[in-house]
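> Sequence and computational prediction follow.
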Amino acid sequence: MSRKPFIAGNWKMNKTISEGIALVDELKGLIGDVSNVDVAVCPTFVSVAKVGDAIKGSNIMLGGQDTFWQESGAWTRQIAPSMLKDAGCQWVIVGHSETRGRFGTVDAELESVLSYFGECDTTVNMKAKAAFAAGLTPIIACGELLAEREAGNTDKVIVSQMKADLAGFTKDQALKMVIAYEPVWAIGTGKVCDSDEADRVCGVIRNVVKEMYGDDVADAVRIQYGGSVKPSNAAELLSKPNIDGALVGGAALKASDFAAIIKAA
Ligand code: PGA
């Protein structure tokens with residue numbers, strides 16, 4: 001089955017409202033003719049609605065960078081999936097290594113605050129289900145730390161994250177979900193994962209999906225690679241059979257770079 005490539009830009013804590021609008025305005029001009037690739041941008045919560053207004057009627061979709069599993073209430077700082085939907089989002093990233101508190105390198109001082117992030121596979125799964133319930137589609141991220149890779153535990157870590165993160169979806173939801181394989185050591189470091197290895201791990205993920213939801217879902221599900229994707233390596237990564245797109249951080253902040261990655265797909 002052929003899967004439509006999906007390139008999503010995770011802006012992280014970058015771009016003010018006006019900078020975000022300028023970025024998508026430039027992007028619209030560069031990719032206006034693209035119809036065979038799905039494209040989304042994920043701005044900060046404060047700029048998501050305004051950026052959503054700026055891309056109305058274009059081929060760029062909108063996503064949130066995270067969400068919460070409760071609908072409303074006394075949850076200071078949190079954003080409900082229905083609020084993202086209301087702001088114009090179709091997508092939401094859940095389980096990014098930065099919201100899981102799994103950073104590539106952690107100095108001792110920072111380690112002590114990691115519990116503030118408090119995200120684990122159980123809550124990633126709850127967020128994904130809440131996203132579906134609100135009419136959003138989750139981009140569910142997983143990935144191993146450098147130490148886990150060096151200890152030969154990559155597959156074990158990924159399989160265990162995926163089994164917990166993807167548990168209990170309906171078949172319809174499983175058909176729609178998007179998974180992002182993001183080796184933590186490759187995020188924002190300039191160290192891209194070797195394309196054959198990235199493809200192999202995406203194959204491992206597809207196998208987990210097959211065991212959980214059957215052949216048709218495994219065939220249909222889109223798996224993105226993320227971690228230092230840039231114009232110079234995108235075509236190689238995206239040519240691999242198990243890689244159906246990219247979750248792009250740094251290179252999504254420059255319209256020409258992001259457009260080049262989209263065109264490479
Ligand atoms: P990067 O980030 O492209 O800057 O490595 C990717 C991500 O964290 O989604």
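Thanks, I have the structure now.
> Show me the contact partners of stretch 125-136.
64, 66-71, 80-82, 84-85, 89-92, 94-95, 137-138, 140, 164-169, 173, 176-177 (Cβ atoms under 8 Å, 6 or more residues apart in numbering). Heads up, the C-betas are built off the backbone N, CA and C, glycines and all.
> go again using 6 Å as the cut-off
For stretch 125-136, contacts defined as Cβ atoms under 6 Å, 6 or more residues apart in numbering pick out 67, 69, 81-82, 85, 92, 94, 138, 140, 165, 167, 173.
> quick check, nearest of those residues to residue 256?
residue 92 (26.5 Å; Cβ to Cβ).
> quick revisit: got a quick ChimeraX command for the buried subset of the contacts of stretch 125-136?
Buried members of the contacts of stretch 125-136, defined by 16 or more other Cβ atoms under 10 Å, are picked up in ChimeraX with:
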select :67,69,81,82,85,92,94,138,140,165,173
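> Among the contacts of stretch 125-136, find the lowest-pLDDT one for me.
Lowest in pLDDT among those is residue 69, which has 93.
> Look up how far the ligand lies from it.
Separation of residue 69 from the ligand (Cβ to the nearest ligand atom, to the nearest Å): 21 Å.
> check which helix or strand covers that residue.
If you go by DSSP states H and E, residue 69 is not part of any helix or strand.
> quick revisit: reformat the contacts of stretch 125-136 as TSV; add secondary structure.
Formatted as TSV, the contacts of stretch 125-136 follow (DSSP: H, G, I helix; E, B strand; the rest coil):
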residue	secondary structure
67	coil
69	coil
81	helix
82	helix
85	helix
92	strand
94	strand
138	strand
140	strand
165	helix
167	coil
173	helix
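> burial count for residue 150?
11 (other Cβ atoms under 10 Å).
> What pLDDT does the model give it?
So residue 150 comes in at 92 (pLDDT).
> From the ligand, how far out is it?
19 Å.
> For that residue, give me phi and psi.
Residue 150 has phi and psi values of phi -70, psi -30 when expressed as degrees, to the nearest 10.
> Same question for residue 90.
As for residue 90, its main-chain torsions (degrees, to the nearest 10) stand at phi -110, psi -20.
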